[in-house]
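**Student:** okay, sequence plus prediction incoming.
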2 protein chains.
Amino acid sequence: MDIKKYMLGVGQKARDAGRIMANVDTARKNAVLLKIADILERENRILLAENRKDMDAAIANNLEAALVDRLEINEQRIVAMAEGLREIAALPDPIGAISDMNYRPSGIQVGKMRVPLGVVGIIYESRPNVTADAAALCLKTGNASILRGGSEAFHCNQAIAKIIHQSLTELTLPQHAVQVVATTDRAAVTALAQLKDYVDVLVPRGGKGLIERLSREATIPVIKHLHGVCHTYIDDSADLAKAVAIAVNAKTQRYGTCNTMETLLVAASIAEVFLEKVCPLYEQKGVELRGCEQSLKYWKAMKAATAEDWDTEYLAPVLSIRIVKDVDAAMKHICAHSSSHTESIVTESHTHAQRFLREVDSSSVMVNASTRFADGFEYGLGAEIGISTDKIHARGPVGLEGLTSQKYIVLGDGHIRT
Amino acid sequence: MDIKKYMLGVGQKARDAGRIMANVDTARKNAVLLKIADILERENRILLAENRKDMDAAIANNLEAALVDRLEINEQRIVAMAEGLREIAALPDPIGAISDMNYRPSGIQVGKMRVPLGVVGIIYESRPNVTADAAALCLKTGNASILRGGSEAFHCNQAIAKIIHQSLTELTLPQHAVQVVATTDRAAVTALAQLKDYVDVLVPRGGKGLIERLSREATIPVIKHLHGVCHTYIDDSADLAKAVAIAVNAKTQRYGTCNTMETLLVAASIAEVFLEKVCPLYEQKGVELRGCEQSLKYWKAMKAATAEDWDTEYLAPVLSIRIVKDVDAAMKHICAHSSSHTESIVTESHTHAQRFLREVDSSSVMVNASTRFADGFEYGLGAEIGISTDKIHARGPVGLEGLTSQKYIVLGDGHIRT
């Protein structure tokens, strides 16, 4: 198989399908999503059988238990997948929405219309539910999509693709509106990232390695979802009860997510009383604490943090703790070590809250709330294709709007420029 | 001079200055713009003398007359430059604006705050007024900027840079908020396009060659301002008087701009009567007409168009004309040949207008208006850094907003995720 040639064909078919999908009305787009949901549930035996093949191979290849778990599909997960599709069907259609329509002194009316991006390439790892989810988000926004899932989930992803194609065909929509790459060759990823004439944007969902590789290789724009080194700063004027609740929640509610706090910054004047309250709670939950020199005084079980700790996304029950002079020192630390994902301040000071909100340059900046809220569903986007740590195009949780663009529309009545 | 090392230093200084500029209040940003305007007018002799050096070199190097004209600065042009700065000072400050602040079921409040991009690189050709203009747009949006003007305008650009630095210093703002690259070595452009850690976006304003080269070489996002192969389609239900006025204006109001019409599409049923009216007007203005086979019948002085004509941006008094069956055929031609800049339909049919607006995939789509309106000032953006033919981040005329991003802000009162 000539991978480059194969991917070129995939790109061309996607471009053609995208031109059709851009103008499909809302009812038909929703109908195809509901149809996919129904068939997924009806044909769950096929899905389970194909998933079994992937699972057997994964076990034979000694894949890590956590990865095997992410790979597994069961009846309950299929129902959840179908429910996800129905939720996307129920969201308002962003396409064609017109905003900011105003008359100009010249007499023309100028506004903006929301339109699809065209063709979206999505690269993701083992979880097969992303196949249905990503396809649905792109269908809803009138985009054609090219999906490249993890090779471990190959059989299950192809089975989902078949169901999507069947649904598209039943609604006389182009099959190539959703294409799931039919090869596990890694060269397909590079080829996809360079289909400049056929793919408008690339959304990688996966490890740091994948995203850095793509940023290097891609000749098309990438919506980067980089790692999260998230901070919570406990200000000198923090309410102690709120501070303890937020610090515990931000670290321990889930360890493996990108919006989990990795470093806790504490104002020096409140450090002793705060750490004495919070450290036992971390200990109860089995969180390993790595502190700056000053903080070691306040809690015996703390290890000394190394310089590397301040830049590490643990994704594990480990937390680094640093005592800082004040809000300025906290923001300086964040500026130097944050991955620009999510930071939170706990404070009762209006002035400090306003400064933190304005001055911290991250995709989500919070006051008196757990960093774990940085999420498309929590923000009310309805669904999420990823969390962008970029500043261009989309920043923070990316929902349907991130898969669209706006064009200018102009209405005249024979107007000419003088 | 080690260009790479020099540009790395420029990038680092820009990043530091950008962090400060992001939090400068509106009054000080406006004050520095007004200060630059005042000094430009007061020190116009220095500017004229430096420009004279560039002009002499250009004439000695046998530069084209049109380029020499674009290079020239006179008292009137300096006043216009200063006025442009004052207009940007008078625009509302987009930075810090909060929108879509809503309560979520969890109790947190979520909204968006408009923020600078950080560091903006701008690469442009001979006109020295762009130096003042681009610097001002970036200052207003709290960005640091790295400006690389045409080598022909080197002395004048450096003189403008000096005035900007003097103004920044007088307001105790960082000088490096605006840096004009102090070398004419072309390697500086490549180096700038690869300052991934220090530059957030690149805005090239110039010929197709420059932009294609940058798209290839850049490792940072580029807001592309590509060429304009703009179309006007005269529908079978067009009002003849509006059609003639718009067709003449779109081609002849100015020849060298990217929003000038290059191809005129005419519905077959209206072709004879329309072309008989419009062709003599083109002839009067000295526009060379290149027509499809069918259109040659209606006007003797028409040359036969070649396949290449349909993809050519003439930037000159040349127009290609094609007769098409109907609105579908017109949109098919546009899809195949347009550069996705600006297209207009002239029609009295509501249905055709709606279809054209929805289905044509260009940065500006118009009904009964001249394509010449596609411009930041005409759209009410107040100023324009370029016209993007991309779909990612900014599309169409790019004003202040295109130089900004939005971050999410979250307000809680001790909220944790459950």
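**Tutor:** Structure received. Residues are numbered from 1 along each chain as shown, chains lettered A, B, ... in the order given.
**Student:** mind listing what's buried in stretch A:252-272?
**Tutor:** By neighbour count with 16 or more other Cβ atoms under 10 Å in any protein chain shown, stretch A:252-272 contains the buried residues A:252-253, A:258-267, A:270-271. (Glycine included, C-beta is placed from N, CA and C.)
**Student:** can you list the residues of the stretch 151-300 of chain A near chain B?
**Tutor:** Residues of the stretch 151-300 of chain A lying close to chain B by Cβ under 8 Å from any Cβ of the partner chain are A:200-201, A:215-216, A:219, A:221, A:239, A:241-242, A:245-246, A:248-250, A:253.
**Student:** and for the longest helix along chain A, what's in contact with it?
**Tutor:** In terms of residue count, the longest helix belonging to chain A (DSSP state H) is helix A:3-21. By Cβ atoms under 8 Å, 6 or more residues apart in numbering or on different chains, the surrounding residues in contact with helix A:3-21 are A:116, A:118-119, A:139, A:142-146, A:173-177, A:179, A:181, A:183, A:185, A:187-188, A:191-192, A:195, A:197-199, B:335, B:361.
**Student:** return the set of buried residues in it.
**Tutor:** Neighbour counts over helix A:3-21 (16+ other Cβ under 10 Å) mark A:3, A:6-8, A:10-11, A:13-19, A:21 as buried.
**Student:** quick one: the strands in the stretch 301-418 of chain A, in order.
**Tutor:** A:303-304, A:318-324, A:342-346, A:364-369, A:386-388, A:396-398, A:404-415 (DSSP state E, counting those that start in this stretch).
**Student:** picking that back up, which of the residues of the stretch 151-300 of chain A next to chain B sit farthest apart?
**Tutor:** Maximum pairwise distance among these (Cβ to Cβ): 52.2 Å, between A:T219 and A:A241.
**Student:** so for those two, which sits in the more crowded spot?
**Tutor:** Neighbours per residue (other Cβ atoms under 10 Å in any protein chain shown) separate A:T219 from A:A241, with A:T219 holding more: 15 against 10.
**Student:** wait, is the more buried one part of a helix?
**Tutor:** No: checked against DSSP: H, G, I helix; E, B strand; the rest coil, A:T219 lies outside a helix; its state is coil.
**Student:** the stretch 101-250 of chain A: strands as residue ranges?
**Tutor:** A:109-116, A:119-124, A:144-148, A:178-180, A:201-205, A:230-234.
**Student:** possible to save those strands as JSON lines with distance to A:M55, mean neighbour count and mean pLDDT?
**Tutor:** As requested, the strands of the stretch 101-250 of chain A are exported to JSON lines (distance: least, Cβ to Cβ, whole Å; neighbours: other Cβ atoms under 10 Å in any protein chain shown; pLDDT from 0 to 100):
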{"stretch": "strand A:109-116", "distance to A:M55": "36", "mean neighbour count": "21", "mean pLDDT": "98"}
{"stretch": "strand A:119-124", "distance to A:M55": "18", "mean neighbour count": "27", "mean pLDDT": "95"}
{"stretch": "strand A:144-148", "distance to A:M55": "20", "mean neighbour count": "27", "mean pLDDT": "97"}
{"stretch": "strand A:178-180", "distance to A:M55": "19", "mean neighbour count": "25", "mean pLDDT": "98"}
{"stretch": "strand A:201-205", "distance to A:M55": "21", "mean neighbour count": "24", "mean pLDDT": "91"}
{"stretch": "strand A:230-234", "distance to A:M55": "33", "mean neighbour count": "28", "mean pLDDT": "98"}
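**Student:** and the pLDDT for the closest residue to A:L296 other than its chain neighbours?
**Tutor:** Closest residue to A:L296 in three dimensions, ignoring its sequence neighbours and counting by Cβ to Cβ, 6 or more residues apart in numbering or on different chains: A:M302, at 5.3 Å. What the model reports as pLDDT for A:M302 is 95.
**Student:** contact partners for A:M302?
**Tutor:** Residues near A:M302 by Cβ under 8 Å, 6+ apart: A:C279, A:L289, A:R290, A:G291, A:S295, A:L296, A:I321.
**Student:** picking that back up, just the strands of the stretch 301-418 of chain A: most buried one?
**Tutor:** strand A:342-346 (a mean of 31; mean count of other Cβ atoms under 10 Å in any protein chain shown).
**Student:** against B:A250, how distant is A:C230?
**Tutor:** 52 Å (Cβ to Cβ, to the nearest Å).
**Student:** what about the next helix or strand after the longest helix of chain A, near chain B?
**Tutor:** As assigned by DSSP states H and E, the chain's next helix or strand after helix A:3-21 is helix A:26-42. No: using Cβ under 8 Å from any Cβ, helix A:26-42 never reaches chain B; the gap is at least 12.5 Å.
**Student:** counting contacts, what elements does helix A:26-42 pack onto?
**Tutor:** helix A:75-90, helix A:129-140, helix A:154-170 (3 or more Cβ pairs under 8 Å, 6 or more residues apart in numbering or on different chains; DSSP states H and E).
**Student:** can you pull the buried residues of it?
**Tutor:** Neighbour-count burial for helix A:26-42, counted by 16+ other Cβ under 10 Å, picks out A:K29, A:N30, A:A31, A:V32, A:L33, A:L34, A:K35, A:I36, A:A37, A:I39, A:L40, A:E41.
**Student:** does the last one touch A:A82 like I think?
**Tutor:** Yes: in this structure A:E41 lies within contact range of A:A82 using Cβ atoms under 8 Å: 5.0 Å.
**Student:** wait, which of the buried residues of stretch A:252-272 is closest to chain B?
**Tutor:** Of all the buried residues of stretch A:252-272, A:Q253 has the smallest distance to chain B: 5.4 Å, by Cβ to the nearest Cβ.
**Student:** follow-up on the earlier one: tell me the one of the buried residues of helix A:26-42 nearest chain B?
**Tutor:** A:K29 (14.3 Å).
**Student:** give the contact list for A:L265.
**Tutor:** Counting by Cβ under 8 Å, 6+ apart, A:L265 makes contact with A:H231, A:T232, A:Y233, A:I234, A:I321, A:R322, A:I323, A:V324, A:A330, A:H333, A:I334.
**Student:** got a list of contacts for stretch A:316-327?
**Tutor:** Around stretch A:316-327, the neighbours that count as contacts under Cβ under 8 Å, 6+ apart are A:233, A:235-236, A:251-252, A:255-256, A:261-268, A:271, A:275, A:282, A:285-292, A:294-295, A:302, A:305, A:309-310, A:312, A:330, A:333, A:345, A:347, A:352, A:355-356.
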